[in-house]
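**Student:** Have a look at this fold, sequence not included:
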Ligand SMILES: [Zn+2]
């Protein structure tokens, strides 16, 4: 994540992905003026999603009411998409606010949604993950994207 230039929206990888035209290349599953759902390019587990406000804001304190509603709808929809498509046994859902809490990108708020399966406590070794990542990610992307196409966020 060291390519992120802090304090500069132009260098924010979330803003870049949200504003880019090519949704598949940027792993965008859904976006509207309030919120975006995308696959994390560095997944902790298969189907690891990020949900972020479309605006470059550092925390939920700055959400307008519309963004609160859209953000929660996006979470609800993401859980349904993951349950339906990948059949996880559970989820970790969380936010790292601030460097001390482990945030890789502090200036643009995002929620992690990590599907969990029974027996997955030993995550794929880092090297194996790097090797399988591209195909792994694009397959997961297509699976989830087709769910989002067939089931629009309302
Ligand atoms: Zn941003």
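**Tutor:** Great, that's in hand. Here the structure is a predicted model, which means the values were calculated and not measured. Numbers count the residues shown, from 1 in each chain.
**Student:** Now do the phi/psi pair for residue 94.
**Tutor:** As for residue 94, its main-chain torsions (degrees, to the nearest 10) stand at phi -160, psi 170.
**Student:** wait, what's in contact with it?
**Tutor:** 111, 112, 114 (CB atoms under 8 Å, 6 or more residues apart in numbering). For the C-beta atoms, the positions are set from N, CA and C on the backbone; glycine is no exception.
**Student:** Same question for residue 93.
**Tutor:** 75, 111, 112, 113, 114.
**Student:** out of those, who's nearest the ion?
**Tutor:** Of all the contacts of residue 93, residue 111 has the smallest distance to the ion: 14.2 Å, by CB to the ion.
**Student:** The closest one: neighbouring residues, count only.
**Tutor:** Using other CB atoms under 10 Å, residue 111 has 19 other residues around it.
**Student:** Is it correct that it is in contact with residue 53?
**Tutor:** No: using CB atoms under 8 Å, residue 111 makes no contact with residue 53, being 9.7 Å away.
**Student:** which residues do these two both contact?
**Tutor:** residue 71.
**Student:** Please determine how far the residue nearest the centre of the chain is located from residue 118.
**Tutor:** Against the mean C-alpha coordinate of the chain, by CA atoms, centre = their mean, the closest residue is residue 50 at 1.5 Å. With distances taken as CB to CB, to the nearest Å, residue 50 is found 24 Å from residue 118.
**Student:** same question, residue 22
**Tutor:** As judged by CB to CB, residue 22 and residue 118 stand 36 Å apart.
**Student:** Check which helix or strand the residue lying farthest from the centre of the chain maps to.
**Tutor:** Distance from the C-alpha centroid of the chain, by CA atoms, centre = their mean, peaks at residue 119 (23.0 Å). Under DSSP states H and E, no helix or strand contains residue 119.
**Student:** Residue 90 versus that one, what's the distance?
**Tutor:** Using CB to CB, residue 119 is found at 12 Å from residue 90.
**Student:** Same question for residue 39.
**Tutor:** Separation of residue 39 from residue 90 (CB to CB) stands at 19 Å.
**Student:** quick one, which of those two is more surrounded?
**Tutor:** Neighbour count, other CB under 10 Å: between residue 39 and residue 90, residue 39 has more, with 20 against 11.
**Student:** Quickly find the element holding the closest residue to residue 28 other than its chain neighbours.
**Tutor:** Nearest residue to residue 28, sequence neighbours excluded (CB to CB, 6 or more residues apart in numbering): residue 38, at 4.9 Å. Taking DSSP H and E as the criterion, residue 38 maps to strand 35-39.
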